[in-house]
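build me a model from this:
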Amino acid sequence: MRLPRFSLSDNTSLRWKEDDLQHAILTQLSQATTTMHHIDEVFQWLVYMAVHRFGVQAAQVWAMQANSRGQLSPQLRSILCQQNLSIPHVIIDNAEVATVVGHLLSKRRHARLLLVDGHFPQYRSLLLKRYGLYYCAGIFVSGDMLLPPPQKSESTPQIATPLTMMLLLFFQHMPHKDVLPSVDNIVTQAVPIARARNFLLSATAPANPTLSNTQPLHPAFSELVACRVEDPMSNPISAAMVLPEAELRRVYAVINDRRDVAELSRLTNLDLKDLFQILQRLMSMQRIELHEPAGRLVEDLRIFSR
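Numbering: from 1, shown residues only. Down below sits the predicted model:
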């Protein structure tokens, strides 16, 4: 795969102005798609472009994928790392990263360029930095088209899913200010190119007829994950002390952004009915958020009431 060479780390090394450069890359993509057969090949092209032409150390394409029951979860569609860094894929392809990406996708907006500590738990951040990945950002894309299942589908039946994807980028150093806007524009323009090649499906005529009458199902209340809403530098013990009732403090104390409701019930010896009321109060006090296993934010807990 050949793309025009350029560097954004030094303005004097640019061979074209920014607009001309992006046009050249998109022309390359349009030409490349004539020999492609699946949207995953476009995704692979995008991570290649990010790593080899924009100085990104590691790039991934994640997308929401529905199974045959309509349940959504984030799925890795493409991944590429700079060879000289020898980054094991497991460092950025794991359940912990999937949970973070699912949360970002549920917000339906770009993930700001931050130190990895701003996106990932401490243990994962330490591992990322050990391999030279200090910054992270995400470019969000969605549309009214349907994204086909992966070319190499899993054993679990999957169906075409409304396009909701993110290009997740990891950097060793703070990137040049033009990098993210340029990559954003290229990714955004890649969508109509893919649609013109019929790599994306029309939402009005899904390839799998079960999609038109399948509504995404909510997980069980016991599967929801509770996350604290607080300054990460604050003292969790002090934060719990200011809650007005002992029962609220007891539940809040065992929330660690990873435990699901079933585990909270076991640790506090509370049944799900009582725990429902307590978590609902903590949400109303803006002390916690609840997320589905795929990372999607739960806006109203009442949909889980029995």
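
element containing the spatially most central residue of the chain, please.
When the chain is reduced to its mean C-alpha position, the nearest residue by C-alpha atoms, centre = their mean turns out to be residue 101, at 2.4 Å. Using DSSP states H and E, residue 101 sits in helix 95-107.

one step back: I figured the residue nearest to the centre of the chain hits residue 75, correct?
No. Residue 101 lies out of contact with residue 75 (C-beta atoms under 8 Å); the separation is 9.4 Å. (C-beta placed from N, C-alpha, C; glycine too.)

what touches both of those two?
Shared contacts of residue 101 and residue 75, defined by C-beta atoms under 8 Å, 6 or more residues apart in numbering, comprise residue 62.

so where's the stretch 1-150 of the chain uncertain?
By pLDDT under 70, the weakly predicted segments of the stretch 1-150 of the chain are 1-19.

and the strands in it?
58-67, 72-81, 111-115, 135-147 (DSSP state E, counting those that start in this stretch).

ok, the stretch 151-300 of the chain next?
So, for the stretch 151-300 of the chain - with DSSP E, counting those that start in this stretch - the strands run 158-159, 161-171, 225-228, 288-291.

just the C-alphas of the second one, formatted as CSV.
If I follow you right, that is strand 161-171. Taking Å, rounded to 0.1, in the frame of the first residue of the first chain, the C-alpha atoms of strand 161-171 are listed here in CSV:
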residue,chain,number,x,y,z
THR,A,161,-25.4,-2.5,12.8
PRO,A,162,-25.9,1.3,12.6
LEU,A,163,-22.5,2.9,11.9
THR,A,164,-21.0,4.0,15.2
MET,A,165,-17.2,3.8,15.2
MET,A,166,-14.0,5.4,16.6
LEU,A,167,-10.5,5.6,15.3
LEU,A,168,-8.4,5.4,18.5
LEU,A,169,-5.0,6.9,18.3
PHE,A,170,-2.0,6.5,20.6
PHE,A,171,1.0,8.9,20.6
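
mind listing what's buried along that strand?
Under the neighbour-count criterion of 16 or more other C-beta atoms under 10 Å, strand 161-171 has 161-171 buried.

one step back: can you name every helix or strand that the helix holding residue 101 contacts?
Applying 3 or more C-beta pairs under 8 Å, 6 or more residues apart in numbering; DSSP states H and E, one finds that helix 95-107 makes contact with strand 58-67, strand 72-81, strand 135-147, strand 161-171, strand 288-291.

any chance of those strands in CSV with distance to residue 38 as columns?
Below are these laid out as CSV (distance: least, C-beta to C-beta, whole Å):
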stretch, distance to residue 38
strand 58-67, 13
strand 72-81, 10
strand 135-147, 11
strand 161-171, 15
strand 288-291, 31
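
so which of those strands comes closest to residue 265?
Residue 265 sits nearest to strand 288-291 of all the helices and strands packed on helix 95-107, at 13.8 Å, using C-beta to C-beta.

report all helices and strands that the closest one contacts.
In this structure, strand 288-291 makes packing contacts with helix 95-107, strand 225-228, helix 272-284, judged by 3+ C-beta pairs under 8 Å, 6+ apart.

among the ones you listed, which is the most enclosed?
Highest mean neighbour count of the helices and strands packed on strand 288-291: strand 225-228, a mean of 21 (counted as mean count of other C-beta atoms under 10 Å).

pLDDT of that one, averaged?
In this model, strand 225-228 has a mean pLDDT of 88.

quick check: domain ranges of the chain?
Here the domain assignment for the chain is 11-210, 221-304, based on automatic domain parsing.
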